[in-house]
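**Q** Attaching a predicted model along with its sequence, questions to come.
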Amino acid sequence: EARSNTPTDADLTRWDRDHHLHPWASTDSWRKDDYMRINTADGIYLWDSTGKKFIDGPGGMWCVQIGYGRKDMADAIAKQVVEMPYASPWSSTSEPAAVLARRIAEMTPGDLNTVFFTTGGSTAVDTALRTVQFYNNRLGRPDKKLIIAREKGYHGSTYLASSVTGKERFNTKFDKSDLVRFLPDVNPYGRPEGVSLEDWCDQKVADLETLIAEEGAENIGCFIAEPILCSGGVIVPPPGYHQRTLEVCRANDILYISDEVVTGFGRLGHWFASQEVFGIEPDMITCAKGLTSGYLPLGACIVSDALMTAMEEPEGAEVFYNGFTYSGHPVSCAAALKNIEIMEDEDILGHVQRVAPHFQDRLRAIGERFDIVGDVRGMGLLGCIECRLDLPRKSLEADLKFGARLDAVCEEMGLMLRPFGNMAVFSPPLIISKEETDRMFDIMEAGLEKLS
Ligand code: PLP
């Protein structure tokens, strides 16, 4: 029998419903009481409060790289808590913060050697965007204010990060900064018939050039892009896109921010995707999520030496008034260091490189097999299944909810997915084995059969 101070299942459901506002809750259901309650987790698996076991298709929220239940993570975190749980980043530093900053600098491309720690991805993006403002204002170019972002991009939920988010931007009652200009969809799926991938890339680069010409390079501070638009539906840009857009930015003195909150820390088989996968050295990289495998909150904005030097050069020192109480939090940094150590010791990057081709083959096979599927796409251990919206025999309303419907049938069979409208995306923990990958895709295929 439950002790008197132990909440019952019914208590938890009621308290959560009455007092806990969840991200992206809708006003017609924000008092809903059917959030799945996750009680335990191990490896790639989750167990809910009824004891049902699931493969964690979304990998938490694209973040649990090393999987759940790692005692060595718990030990590293506990050790740091006991030794020294907090140090003010204004007046001091800590061993974990200093070691982690150097470690990240070693992993990042080119001269990206300076790390500003944040509390997560949104605050990393905010920091990058504010760094652009600081830089241009300091250089006496206060007009270089506009930010170029992309339709379907997702960069977070703080004021500025949500302002550069292209997803859902028309469908919100939140106000946004008016300093942002959006480039049209880069998704090769759905491009006009007869347009090759090369042509598509040309058009997307031309979109950027046109926007710059319209607004004037002297008014534009930066361009922000995810290497793969993850929350937008795992949109892989056409080959050469990132290199060419970076060249356009450089030619126009526009800073390039690569938002690697999802693609960083192994998702594509490398510490960072910017250079190793897409061949670019951006001016700043933002990361979070996989940095600690989600065990504790932490993000980082990594800045190039060139930018740091440029900010030092003008006469008269000025304070970079950006900072968080938990910047460089010693316990989060200790968690990140242990996470990185585990990824190295267990060759998780190599493992992703070995499993990803099989993962992508199984994904492609789904695209070939099911009529209901319009497109499959992905890279590394990222995948998306998009439902066709032009099947005459289907109801459009049902197809627009394809992601949730596929998730529901897969959950019955023990697999969680992340639904986005007519898409379902997945990014399992990076430790997933080939056999577990097969199990995941077998369930998805069985689910698709039920929906077909
Ligand atoms: N940037 C990208 C590319 C993301 O996918 C996300 C979150 O999904 C964020 C930024 C925001 O990160 P956070 O939720 O940690 O603030």
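**A** Yep, it's here.

**Q** which residues in the stretch 101-250 of the chain form strands?
**A** Along the stretch 101-250 of the chain, counting by DSSP state E, counting those that start in this stretch, strands occupy 112-118, 146-150, 180-183, 220-225.

**Q** Serialize those strands to TSV and add fields for distance to the ligand.
**A** C-beta coordinates here come from the backbone N, C-alpha and C atoms, glycine included. Below are those laid out as TSV (distance: least, Cβ to the nearest ligand atom, whole Å):
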stretch	distance to the ligand
strand 112-118	9
strand 146-150	11
strand 180-183	15
strand 220-225	9
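
**Q** Tell me the residues of the protein that contact the ligand?
**A** 120-122, 125, 154-156, 226, 230-231, 259, 261-262, 288 (Cβ under 6 Å from any ligand atom).

**Q** Bridging across strands, which residues link to residue 378?
**A** Beta bridges link residue 378 to residue 383, judged by DSSP bridges.

**Q** Tell me how many other residues crowd the closest residue to the ligand within the stretch 101-250 of the chain.
**A** Using Cβ to the nearest ligand atom, residue 121 is the residue of the stretch 101-250 of the chain that sits closest to the ligand, at 2.1 Å. Neighbourhood size, residue 121 [other Cβ atoms under 10 Å]: 31.

**Q** Now do the end-to-end distance for stretch 145-155.
**A** Start-to-end span of stretch 145-155 (Cα to Cα, to the nearest Å) is 18 Å.

**Q** picking that back up, is it true that the residue of the stretch 101-250 of the chain closest to the ligand touches residue 298?
**A** No - the pair residue 121 / residue 298 is not scored as a contact, 9.9 Å apart, by Cβ atoms under 8 Å.

**Q** Now render the strands of the stretch 101-250 of the chain as a markdown table, adding mean pLDDT.
**A** Converted to a markdown table, the strands of the stretch 101-250 of the chain look like this (pLDDT from 0 to 100):
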| stretch | mean pLDDT |
| --- | --- |
| strand 112-118 | 98 |
| strand 146-150 | 98 |
| strand 180-183 | 97 |
| strand 220-225 | 98 |
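
**Q** how about those strands in TSV, adding mean neighbour count?
**A** TSV is the format used below for the strands of the stretch 101-250 of the chain (neighbours: other Cβ atoms under 10 Å):
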stretch	mean neighbour count
strand 112-118	23
strand 146-150	24
strand 180-183	18
strand 220-225	26
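
**Q** Inside helices: which ones of the residues of the chain next to the ligand?
**A** Using DSSP state H, the subset of those located in helices is 121-122, 125.

**Q** Skipping adjacent residues, who's closest to the spatially most central residue of the chain in space?
**A** What sits nearest the mean C-alpha location of the chain, by Cα atoms, centre = their mean, is residue 262, with 3.0 Å. Leaving aside its chain neighbours, residue 262 sits nearest to residue 230 (4.2 Å; criterion: Cβ to Cβ, 6 or more residues apart in numbering).

**Q** what about the one you found, how many neighbours?
**A** Neighbour tally, residue 230, other Cβ under 10 Å: 23.

**Q** Dihedrals phi and psi, it?
**A** Phi and psi for residue 230, reported as degrees, to the nearest 10, are phi -80, psi -60.

**Q** anything in contact with each of residue 121 and residue 298?
**A** Here residue 121 and residue 298 have residue 288 as joint contacts, going by Cβ atoms under 8 Å, 6 or more residues apart in numbering.

**Q** Show the subsequent helix or strand relative to the strand or helix carrying residue 303.
**A** Assigned by DSSP states H and E, residue 303 falls within strand 299-304. The first helix or strand that comes after strand 299-304 along the chain, using DSSP H and E, is helix 305-312.

**Q** Format the CA atom coordinates belonging to that following helix as CSV.
**A** C-alpha atoms of helix 305-312 as CSV (Å, rounded to 0.1, in the frame of the first residue of the first chain):
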residue,chain,number,x,y,z
ASP,A,305,38.6,33.6,-33.3
ALA,A,306,38.0,36.0,-36.1
LEU,A,307,34.8,37.3,-34.6
MET,A,308,36.3,37.4,-31.1
THR,A,309,39.3,39.4,-32.4
ALA,A,310,37.1,41.8,-34.4
MET,A,311,35.0,42.5,-31.2
GLU,A,312,38.2,43.3,-29.3
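
**Q** and the direction of it versus that of strand 299-304, what angle?
**A** Note on geometry: by axes from the mean of the first three to the mean of the last three Cα atoms, to 10 degrees, helix 305-312 and strand 299-304 are set 80 degrees apart in direction.

**Q** List the buried residues in the following helix or strand past helix 305-312.
**A** Later in the chain than helix 305-312, the nearest helix or strand by DSSP H and E is helix 330-345. Buried positions in helix 330-345, judged by neighbour count with 16 or more other Cβ atoms under 10 Å: 330-340, 342-343.

**Q** In the stretch 1-150 of the chain, where is pLDDT below threshold?
**A** Along the stretch 1-150 of the chain, segments meeting pLDDT under 70 span 1-4.

**Q** circling back: closest to the ligand among the buried residues of helix 330-345?
**A** Distance ranking of the buried residues of helix 330-345 against the ligand, using Cβ to the nearest ligand atom, places residue 332 first at 12.2 Å.

**Q** How about the contacts made by the closest one?
**A** Residues counted as contacts of residue 332 (Cβ under 8 Å, 6+ apart) are 292, 296-298, 326.

**Q** Please parse this protein into its domains.
**A** Following automatic domain parsing, one finds the domains of the chain at 36-66+347-451, 73-345.

**Q** measure the last one end to end?
**A** Meaning domain 73-345. End-to-end distance for domain 73-345, by Cα to Cα: 13 Å.

**Q** same thing with stretch 176-185?
**A** Taking Cα to Cα, stretch 176-185 runs 20 Å from one end to the other.

**Q** What's the separation between residue 165 and residue 334?
**A** Noted for residue 165: a distance of 31 Å to residue 334, by Cβ to Cβ, to the nearest Å.

**Q** who's in contact with the closest residue to the ligand within the stretch 251-400 of the chain?
**A** Relative to the ligand, the nearest point of the stretch 251-400 of the chain is residue 261 (3.5 Å; Cβ to the nearest ligand atom). Shown in contact with residue 261 (Cβ under 8 Å, 6+ apart): 121, 124-125, 155-156, 226, 286-289, 299.
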